[in-house]
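following is a predicted model, sequence given first.
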Amino acid sequence: MAWDATGLDPRLLRALSKRGFEQPTPVQGEAIPRALEGRDIVARARTGSGKTLAYLLPALHRVLSAGKGRAGWQALVLVPTRELCEQVREEAAAVATACGGELSATAIAGDGPLRAAAATAGQLVVTTPAKAAQALREGVLTPRMLEERLQVLVLDEADLLLSYGYEEDVAALAPQIPRSCQCMLMSATSSDDVDRLTKLVLHNPLTLNLLGAATSGDQAGAAAAAAAGGAAAEIEHFRIDMPPGCASGGPAAETAEKLLHLLALLKLNLVQRKVLIFVNDAEAGMRARLFLEAFGVRAALLNAELPLNSRHHILQEFNKGLFDYLIATDDVHGAAADGAAASGGGKQQRRKGGGGKDKGGKRKKDEEFGVTRGIDFKGVRTVINFDMPSSTQGYVHRVGRTGRAGQSGAAISLLAPSDAALAAELEAMLQTSSSSGEEGTDAERQQAAAAAAAAAGDDSDSGSDDEEGGSGRGRGGAAAGLQPHPRLTKKGVEGLRYRAEDVARSITKNVIKEARAKELKNELLNSQRLAAFFEEHPQDLNLLKHDKPLAATGAAAAAAHLKHIPAYLRDPTLQGRSFVGNTGRGVLPARKRRKTEGLDPVKGFVRAPRKGGDANEEETELEKAAAQWGKKHRKKAGKAARAAEFAPKQNVRKNRGRKRGVVVQQQSFGAKWSGGRGRVVSRPPVGCKPNVCTKNGVSNGCLTAKGGKQYACVDLGHGVIDATECTDGSVCDPEKLFCVTQPDNSPCAGRADGCYHFSHHDGMCIGGQQSLCPNLGPCNAAGTACEQPAQDNACTQNKVTNGCLVTPDGEFACTTKGSGHTQATECLAGTTCDMATLTCVPEQPDDGPCAGRADGCYHFSHHDGMCTGGQQSLCPDLGSCNADGTACEGSEDDPNAKCAGKRDGCYTGHNVTYYTCRNGTAADCPAGTHCSSAALDATCV
Ligand SMILES: Nc1ncnc2c1ncn2[C@@H]1O[C@H](COP(=O)(O)OP(=O)(O)OP(=O)(O)O)[C@@H](O)[C@H]1O
């Protein structure tokens, strides 16, 4: 179906074409025409199938049809979480903006004053049921208002609304909904909750069931999927069973096994990036992060502990492709709700477990925060369930973060023995849905699961010992259901076991606790104090990166040698194209391959027996492999052996008689290393002559010039110097003594066509995002670089070098600065940068909290309020932040309005008003004053 055939207002059609949505998805194709007829609609469609536009477009159409005479809110969208409020608002705002500014959307989600928010709201309001019910209680919404204004009501993510504990709220609202109001209900799963909600709110609805549309190959589905992303959307479901024996070791052993398998998947490039890893609590998330970090795999965390700003920011960065691995904690409510759903608990139970109110009836803080459910993570190719959700419904929502908008994806579940029951349910669900195209109701699923569990019998462990078939092989052999992971072999996993277990052991509860505190502190700092600073200093945004290393010491700190998996530890069958599914980023880039190929496996290892152990007992596969390698490469092995001579004496003594060049034990495994066996050798290290490193006593990451080139000299201990520390195109800076990125190493080297390079990225087309291809054609197929320059155009003529893009409409693109900030400097006068589309759009009437204020109030593009994080410096001229931290108190007649007209840098203190010196310059200081210091918060004196 084409958009034209949906009957939508031409303004909306134009907006869709501007946004590049060529065809409706199946759910849009089915739901929109019927909704335009005015009927109540229940639509069930798989995750990522475009349900949001399926209801937004008819809702906006209806508002547009009502004409300008009807101002204020007319359509109400209820979603379960604050994050979703913002996401849906952004989607609506993107369409509304492209429509020409007649429409606007507002999210009412924070703790701010409801009355003011409702009074200034746009035509479409997105909120949670709790907020709507509160508005009713407080008289902000009255039955009369609803009768007069409300034209459309939408219950989005309906399967989650009740499990998040909103039943009472919806029940309070339902009787007040006018008969003339059109109601729509959207859901990604079918459940009894959805049926209950339908009966509660909708009148004689038309039910559209498209749960099987994207995979059933029906024409509409295929066409839309093709329009949305090429191939029909498919999610492949894989399982990796932990060895049954690990159950006897308790949760710690299970976790260690899962970490090992996770490492194997990521480190051996067996999964396609981007990767979203789900854990069940924040501690597990931090453990996984520290563990991966120790092996040089940098991941960011997303959980409900983090400040809202940070979460929003992390999401934006991940969506833009600024990092590849995100460890998300399925929020408490989701987990609790799953639990309630899984246990078949009644409504009251759910209310308590999943999102109830406290005794006073006040919703608990963070009640409506959902970190992942329903969130439109862009471009996720793999979801890994490190911990399993507690229900099939939870699974559907989690894996639905991949395979979105017509893309394909893979879901991999690490199954501990204790997950057997859920695994059987999942098998049943997936089999049912593949045969019928639907997931069935709760009862049907439970029945099928019981049958599957009985059929599975005792063979739950059959795959784990399979030599070549990979963990989990032999399980779930049917075409549908959870398949064993085809690329992960036992050999591949075992090659990493020793290192992984060592590191896993070193990540103790205390280490995690400290890292969590540090992370929280970083994020609070990021989200509050530095927000304004970084707005002005994008080059320093590196400091805000969410996947920065956390562990400073111990095994959790990334030791250089752990970052590389030597060839002899890899399973040779895993070479080449590695991840399951599509081509692209899973294969190690050629530059990195060159670096690792042929590396001396002895590097990073030293003669040293395991504490208290017999030296010969250490003669492992690794030793044999390395000894063989040593024969072939005598020269290098001899060098390594010389290095071994610098090993601590007692170790050398114990190893007397052993073959030279034999690798005995990796020397630098954090806890062991700092536990006393290892010590930094004071003699001049082998490999580097006495130099600036030794002179300065720098033992780690020290750099020196060698043969004109610069190297990082990392002291791996025992006199072994590793000069390969500077990776990813960076080189050593001999003055700063660390690796720095040089423009010459970037893909822009030698190009004078506006190509530019992010400090922390290799390419311009980050995540295939074409707006990062200034003046150049589109991104190349791999999404790593821009194609040849397009012909001369407005960008080249104007010599705009950054983020400039000429569209058929003659618009300029604005570019992101990598932290959720947009740069509107490429936009022509009178236009501003639109976050969602990254294009310059006509400046909108400000619908922010500063709208209509001429008192110096200003509004960050990416923040809802002036008092971001309660930061008073964002309150120019106005008193302090209000109690909610969302807006500035005070008014236009503030007697201390010395900052009036000063948009930046003006700071109102508790009792005084003075100017700050941004970036140590006195630009914002009044004439005749200068900065007191170079500090961020210096004052003009
Ligand atoms: N017609 C279309 N063509 C191409 N992409 C589309 C189209 N409609 C929506 N999309 C994109 O598909 C992605 C998923 O859409 P959306 O978030 O609405 O899915 P959903 O069904 O609501 O998922 P979930 O159930 O997980 O919330 C979004 O990035 C959206 O921009």
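Great, that's in hand.

would you mind identifying the next helix or strand past the strand or helix carrying residue 27?
Assessed by DSSP states H and E, residue 27 sits inside helix 26-36. Sequence-wise, the next helix or strand beyond helix 26-36 is strand 41-45, with elements assigned using DSSP H and E.

residues in contact with the helix holding residue 27?
With contact meaning CB atoms under 8 Å, 6 or more residues apart in numbering, helix 26-36 is reached by 1, 5-8, 23-24, 41, 43, 45, 49-51, 53-55, 57-58, 61, 182, 184, 206, 208, 210, 213-214, 218, 220-221, 224. C-beta: built from backbone N, CA, C; applies to glycine.

what do you get if the cut-off is 7 Å, keeping everything else the same?
Counting contacts by CB atoms under 7 Å, 6 or more residues apart in numbering, the residues outside helix 26-36 that touch it are 1, 6-8, 24, 41, 43, 45, 49-51, 53-54, 57-58, 61, 184, 206, 208, 210, 213-214, 220-221, 224.

these: which ones sit near the ligand?
24, 45, 49, 50, 51, 53 (CB under 6 Å from any ligand atom).

make TSV out of these and add neighbour count and secondary structure.
Putting those into TSV (neighbours: other CB atoms under 10 Å; DSSP: H, G, I helix; E, B strand; the rest coil) gives the following:
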residue	neighbour count	secondary structure
24	28	coil
45	26	strand
49	30	coil
50	22	coil
51	26	helix
53	23	helix
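
where does the stretch 401-550 of the chain have low pLDDT?
Across the stretch 401-550 of the chain, residues meeting the criterion (pLDDT under 70) sit at 433-480, 521-550.

for the ones next to the ligand among the contacts of helix 26-36, give me CSV that also has distance to residue 131 and pLDDT.
Below are these laid out as CSV (distance: CB to CB, whole Å; pLDDT from 0 to 100):
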residue, distance to residue 131, pLDDT
24, 30, 91
45, 26, 87
49, 27, 85
50, 26, 89
51, 21, 91
53, 23, 94
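
list just the nearest of those to residue 401.
Minimum distance to residue 401 across those is 13.0 Å, recorded for residue 49 (CB to CB).

ok, the closest one to residue 390 distance?
Between residue 49 and residue 390 the distance is 25 Å, computed by CB to CB, to the nearest Å.

check residue 125 too.
Per CB to CB, residue 125 is found 33 Å from residue 390.

the more surrounded of these two?
For residue 125 against residue 390, the residue with the higher neighbour count under other CB atoms under 10 Å is residue 125, and the figures read 26 against 22.

residues near the closest residue in space to the more buried one that isn't next to it in sequence, how many?
Closest residue in space to residue 125, ignoring its immediate chain neighbours: residue 73 at 4.6 Å, by CB to CB, 6 or more residues apart in numbering. Residue 73 sits with 24 neighbouring residues when counted by other CB under 10 Å.

helix, strand, or coil at residue 73?
Counting by DSSP: H, G, I helix; E, B strand; the rest coil, the backbone at residue 73 sits in coil.

so which bits of this protein are right by the ligand?
When proximity is defined by CB under 6 Å from any ligand atom, the chain lies next to the ligand at 21, 23-25, 28, 45, 47-53, 188, 227-228, 374, 376, 400, 404-405.

next one: residue 117 relative to residue 38, how far apart?
Remark: distance between residue 117 and residue 38 (CB to CB) = 29 Å.

now do residue 3
Distance of residue 3 to residue 38, computed by CB to CB: 20 Å.
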